[in-house]
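1. predicted model and sequence follow; I will ask about them next.
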Amino acid sequence: MNNCKICNGSDLSFFKKGKTSYTRCRICLSISMCPEPTDIQIQNHYKKKFITGNYELLRRYDEEYKNIYGGFIKRIKKTVHHDGKQLKNMKVLDVGCFTGDFLYLASKEGCEVTGYELQKEAVEIANQKLPGKIHEVDVYNNNIQTANFDIVCLFGIVEHVLDPQKLIKRSYELLKPGGYLFIQTPNSASFLSRILGKYWPPISPIEHIHIFSKNSLTKTVNNERFSVVNFENHWKSLPIQYVYENLSNFGPEIKSIVKPFYWLLPKFVKNLSLPFYGGEMIMAAKKGG
């Protein structure tokens, strides 16, 4: 890789985490795997993670995670309707919807929901909650109707794909004029990223391929004719035990440091939910009318 995949800049620094090489663009501060993983590597990675990794953990803590999805609903309401009105009858698409928990909450708000997910097992689970609403289909499928959705959500997805610019462009195509795009993703320019360097948990091969900074994400959505309307750091309320267990998947070096202190905590403390900030961001952008 001679140029940054995000901004095409040529001023890159290189570092390694384990056996994986990365670039950090000195211009836009984005971080990318170098070389990018192959499609086969990506497929094998997610099959394994669904059974034993962070996706198994996410399913186990699905009730606790619903608070985070509820937070997404609140943010969407405030962005789309500044007075906090309901989202009834709005058409919402969640790309990479996993087991459909966010869309289930959106359906309770009266939204007409659709989910696209490539993990077959996750689609089966999601359709138990939302029969016929979740589809094992690629978002680039030509049979998908364009200019059809009021809201497109990319929650924890742009960092996972080989071509995030293409995904944001596709989101623009799928939205109605005046529709909203919501993106949640790690921020490579966050203070945690700068302090922890290569030990920042979101730097996790093959899970995260391209990690944006606030500026690079802003430029990317602007390039696709979106206007950014809101940006905020993403704090999550999660059980201490969940955060500790997830360090096995994201941040094993940090887990080895905190392990002796964690085991001193009484069980009721481990089960407490506290606000955590991992250096992530949420951006809302609007398609022109």
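-> Alright, I've got the coordinates. Numbers count the residues shown, from 1 in each chain.

2. show me what secondary structure element comes after the helix or strand where residue 236 lies.
-> In the assignment (DSSP states H and E), residue 236 maps to strand 226-239. Beyond strand 226-239 on the C-terminal side, the first helix or strand identified by DSSP H and E is helix 240-246.

3. off-centre distance for the following helix or strand past that next one?
-> Note on helix 240-246: by DSSP H and E, the next helix or strand toward the C-terminus is helix 252-262. Remark: helix 252-262 is offset 25 Å from the chain centroid, using C-alpha atoms, centre = their mean, to the nearest Å.

4. pull up the pairing partners for the strand holding residue 236, direction included.
-> Looking at strand 226-239 with DSSP bridges, its partner strands are strand 273-287 (antiparallel).

5. any weak-confidence spans in the stretch 151-289 of the chain?
-> Across the stretch 151-289 of the chain, residues meeting the criterion (pLDDT under 70) sit at 289.

6. ok, now with 90
-> 205, 207, 242, 245-246, 248-251, 288-289 (pLDDT under 90).

7. what do you get for the stretch 1-150 of the chain?
-> 1-3, 5, 8, 18, 39, 42-67, 81-88, 98-99, 118-122.

8. can you pull out the helices in it?
-> Applying DSSP state H, counting those that start in this stretch to the stretch 1-150 of the chain gives helices spanning 39-52, 54-60, 62-80, 101-108, 120-129.

9. closest one to residue 170 among the ones you listed?
-> Between residue 170 and the helices of the stretch 1-150 of the chain, the tightest spacing by C-beta to C-beta is seen for helix 39-52, at 17.7 Å. No exception for glycine: its C-beta is placed from N, CA and C like everyone else's.

10. by contact count, what packs against the closest one?
-> helix 54-60 (3 or more C-beta pairs under 8 Å, 6 or more residues apart in numbering; DSSP states H and E).

11. just to revisit the earlier point, just the helices of the stretch 1-150 of the chain: most buried one?
-> Mean neighbour count, computed with mean count of other C-beta atoms under 10 Å, is highest for helix 101-108 among those, reaching a mean of 20.

12. give me the angle between that one and helix 120-129.
-> Following axes from the mean of the first three to the mean of the last three C-alpha atoms, to 10 degrees, one obtains 20 degrees for the angle between helix 101-108 and helix 120-129.

13. of all the helices of the stretch 1-150 of the chain, which one is nearest residue 185?
-> For these, proximity to residue 185 was assessed by C-beta to C-beta; helix 62-80 is nearest, at 13.1 Å.

14. and the helices of the stretch 1-150 of the chain as a markdown table, adding distance to residue 221?
-> Formatted as a markdown table, those follow (distance: least, C-beta to C-beta, whole Å):
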| stretch | distance to residue 221 |
| --- | --- |
| helix 39-52 | 24 |
| helix 54-60 | 26 |
| helix 62-80 | 14 |
| helix 101-108 | 20 |
| helix 120-129 | 27 |
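
15. of all these, which one is nearest residue 222?
-> The minimum distance between residue 222 and the helices of the stretch 1-150 of the chain falls on helix 62-80, with 17.3 Å, by C-beta to C-beta.

16. with only the CA atoms kept, save that closest one in PDB.
-> These are the backbone C-alpha positions of helix 62-80, laid out as PDB (Å, rounded to 0.1, in the frame of the first residue of the first chain):
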ATOM      1  CA  ASP A  62     -27.600  -9.300  24.600                       C
ATOM      2  CA  GLU A  63     -29.900  -8.000  27.300                       C
ATOM      3  CA  GLU A  64     -27.200  -5.600  28.700                       C
ATOM      4  CA  TYR A  65     -26.400  -4.500  25.200                       C
ATOM      5  CA  LYS A  66     -30.000  -3.400  24.500                       C
ATOM      6  CA  ASN A  67     -29.300  -0.300  26.600                       C
ATOM      7  CA  ILE A  68     -26.700   0.700  23.900                       C
ATOM      8  CA  TYR A  69     -29.200   0.100  21.100                       C
ATOM      9  CA  GLY A  70     -31.800   2.100  23.100                       C
ATOM     10  CA  GLY A  71     -29.200   4.900  23.100                       C
ATOM     11  CA  PHE A  72     -29.000   4.700  19.300                       C
ATOM     12  CA  ILE A  73     -32.800   5.200  19.200                       C
ATOM     13  CA  LYS A  74     -32.600   8.300  21.300                       C
ATOM     14  CA  ARG A  75     -29.800   9.800  19.200                       C
ATOM     15  CA  ILE A  76     -31.800   9.100  16.000                       C
ATOM     16  CA  LYS A  77     -34.900  10.700  17.400                       C
ATOM     17  CA  LYS A  78     -33.000  13.900  18.500                       C
ATOM     18  CA  THR A  79     -31.300  14.100  15.100                       C
ATOM     19  CA  VAL A  80     -34.300  13.400  12.800                       C
END
